[in-house]
Every structure is written in C-alpha cells, then in structure tokens.
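>>> here is a sequence with its predicted model. Questions after.
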Amino acid sequence: MRIKITAEIDGVKSEYTITFTRRGSGSGAKGYAHASADAPDGREADAERFSALVKALTGKEPWIQRMKDGRIKMACGREHLDGFRRYAELADAIENWLERSY
C-alpha cells in the first residue's frame with residue numbers, strides 16, 4: 001500500500017510516498033520513504049521535514065536510516081499506520097489493506 005502526502009513545511013512544498021509492506025505474521029507492517037537529494041537544502045533537510053510531518057500526523061517520529069552511500073531512508077511501523085487511520089480519507093483503505101494482508 002502507498003500513502004502519498006503533499007505538504008508545505010518551512011516554506012518548502014514536497015511530495016512524499018510511504019510504501020507499506022507486510023513482513024511475516026501478525027502486525028508487522030513496515031513503510032519506507034526516501035529523502036530526495038534534489039530537495040531544497042538536500043537529503044538531511046528533506047528527512048527532517050518528513051520526520052516532522054509524520055510526527056505531526058501520527059504522533060510518532062519515523063526511524064531515520066542513513067545508508068553508507070549517502071541515501072537516507074525513513075521507516076514507519078504499525079504505530080504510524082494506526083496514526084494515519086485516524087484520518088477519514090485513509091481509514092477505510094488502510095483497514096481493507098490490513099484485512100487482505102493477513
């Protein structure tokens with residue numbers, strides 16, 4: 001499942017896509033997004049904006065993973081997905097995806 005979010009943070013308009021997958025049994029949903037090297041002020045600033053956005057929407061900060069090659073991957077877990085479910089626009093789609101994924 002993919003959640004696309006367009007937001008303006010600190011005067012910078014960005015579009016983020018979080019791709020969620022299921023791993024194993026239970027509630028092991030994981031979602032990933034990548035910071036853009038082309039974003040204003042680079043990857044680090046993009047990751048900070050994404051982190052602030054996800055925290056504002058879900059109440060939880062995502063995990064930030066800095067790769068050896070300079071890429072930055074942001075990770076969200078089931079608690080973030082549950083936070084996104086609070087929004088009517090996403091609730092049904094997330095619930096259906098979780099039911100189909102088990």
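Perfect, thanks for sending it.

>>> pairing partners for the lengthiest strand in the chain, with directions?
Counting by DSSP state E, the longest strand found in the chain is strand 12-22. According to DSSP bridges, strand 12-22 forms sheet pairs with strand 2-9 (antiparallel), strand 29-34 (antiparallel).

>>> okay, which residue is most central for this protein?
With distances taken as Cα atoms, centre = their mean, the residue of the chain nearest its centroid is I18 (4.2 Å).

>>> how close does that one sit to Y87?
Separation of I18 from Y87 (Cβ to Cβ, to the nearest Å): 13 Å. Every C-beta, even on glycine, is put in place using the N, C-alpha and C of the backbone.

>>> could you say what helices and strands whichever helix in the chain runs longest packs with?
Ranked by residue count under DSSP state H, the longest helix found in the chain is helix 42-58. Here helix 42-58 touches strand 2-9, strand 12-22, strand 72-76, helix 78-84, going by 3 or more Cβ pairs under 8 Å, 6 or more residues apart in numbering; DSSP states H and E.

>>> which residues touch it?
The contact list for helix 42-58, computed with Cβ atoms under 8 Å, 6 or more residues apart in numbering, reads 5, 7, 9-10, 12, 14, 16, 33, 35-37, 39, 60-62, 64, 70-72, 74, 76, 79-80, 82-84, 87.
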